[in-house]
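Undergrad: Build the 3D model from these lines:
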Amino acid sequence: MRMMRIVLCLLLAAGCSSERTRGPNADVQKEFSPGQGPLGGHSRLIAAAVVEGGGHRGSAKDPPSVVIDVSPEFAGGAVPGRQTVTWTALRRSGYDEQWEFETPMNGTRIIAFAIDAPGGLEVLANHVYADTEANRAAASKGGAAHRGSWLQLPLFIASVGIAFAAAFLAWFRVKYGVIALGVSIASWLGYETTISTQTNIRVDLVILFPFLIAAVVSVIAAAAYESRTRGAK
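TA: Below you'll find the predicted structure:
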């Protein structure tokens, strides 16, 4: 019993020590890679300086307000200049709602993803990075890929739809089926360039691949049938 109390005291002391050693700007990530960022094309990539409201703790359920000065050279389509934003987290699960974070200290320069909301910009606390030259260069590449994400849905639909058409066109003329299949594959490859490298679960491919495989099989079968009929003549 005494030993158990000692262990509990040590665990409690370790937890308190960990909390105390958590330094300022602990939630500002040091390195940005082009594949990072939330999925979808509804967020902006901005560079800004924290003016007021730094060093406050919050969560998705209790988001703090922060005044930032958005850089006109790196506004990501947002209004540059000083403005009040909400610091929040992506609401994808109960964990995110409970996750606590701390806003960067006043004067900290950051690169961050923000989304448009009825009350103004919302900065995503789990996508805040240090504003360095290296991160700006990486963010510029990431921003270019991110801006292209509006093409995701059109390219996905084109790839599926054209693959479906290729499966039938091949039986009218094999050449038409081959051309349609090539366009479908090109659309798929273009679609892949808009997908974040952080995406691990690809449910979309469960839909796309059967259409592509069916188109390939149909084109091969149509070509074989055409070859046999020509040989018979």
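
Undergrad: Show the low-confidence segments of the protein, by residue range.
TA: Along the chain, segments meeting pLDDT under 70 span 1-26, 33-42, 90-98, 141-150, 196-201, 233.

Undergrad: the domain parsing of this structure - what is it?
TA: 25-131, 151-232 (automatic domain parsing).

Undergrad: roughly how far out does the last one sit from the chain middle?
TA: Computed by Cα atoms, centre = their mean, to the nearest Å, the chain-centroid distance of domain 151-232 equals 26 Å.

Undergrad: Of the domains of the chain, which stretch is the most buried?
TA: domain 25-131 (a mean of 18; mean count of other Cβ atoms under 10 Å). The C-beta positions use only the backbone N, C-alpha and C, and glycine is treated the same way.

Undergrad: How are the strands of the protein distributed by residue range?
TA: 43-52, 57-59, 65-70, 81-88, 100-102, 109-117, 120-130 (DSSP state E).

Undergrad: Show me what the second one packs onto, helices and strands only.
TA: I take that to be strand 57-59. For strand 57-59, the packing partners by 3 or more Cβ pairs under 8 Å, 6 or more residues apart in numbering; DSSP states H and E come out as strand 100-102.

Undergrad: again, but for the last one
TA: With contacts defined as 3+ Cβ pairs under 8 Å, 6+ apart, strand 120-130 has these neighbours: strand 43-52, strand 81-88, strand 109-117.

Undergrad: Please list the residues outside stretch 69-82 that contact it.
TA: Stretch 69-82 is contacted by residues 44-49, 51, 67-68, 83, 111, 114, 121, 136, 139, 143 when judged by Cβ atoms under 8 Å, 6 or more residues apart in numbering.

Undergrad: Quick check: end-to-end length of that stretch?
TA: Using Cα to Cα, to the nearest Å, the end-to-end distance of stretch 69-82 comes to 4 Å.

Undergrad: one step back: could I get the helices and strands packed on strand 120-130 in TSV, plus columns for distance to Ala186?
TA: Listed next are the helices and strands packed on strand 120-130 as TSV, based on distance: least, Cβ to Cβ, whole Å:
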stretch	distance to Ala186
strand 43-52	27
strand 81-88	39
strand 109-117	30
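
Undergrad: Looks like Gly55 contacts Gly107 (just checking).
TA: No - in this structure, Gly55 is not within contact of Gly107 by Cβ atoms under 8 Å, at 10.5 Å.

Undergrad: residue ranges of the helices in this protein, please?
TA: 2-20, 94-98, 133-147, 152-172, 174-192, 203-232 (DSSP state H).

Undergrad: got these as CSV, with distance to Asp27 columns?
TA: Shown next, in CSV, are these (distance: least, Cβ to Cβ, whole Å):
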stretch, distance to Asp27
helix 2-20, 14
helix 94-98, 13
helix 133-147, 15
helix 152-172, 29
helix 174-192, 31
helix 203-232, 30
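
Undergrad: Of those helices, which is nearest Lys61?
TA: helix 94-98 (5.4 Å; Cβ to Cβ).

Undergrad: And the helices and strands packed on strand 120-130: which comes nearest Val219?
TA: strand 43-52 (39.5 Å).
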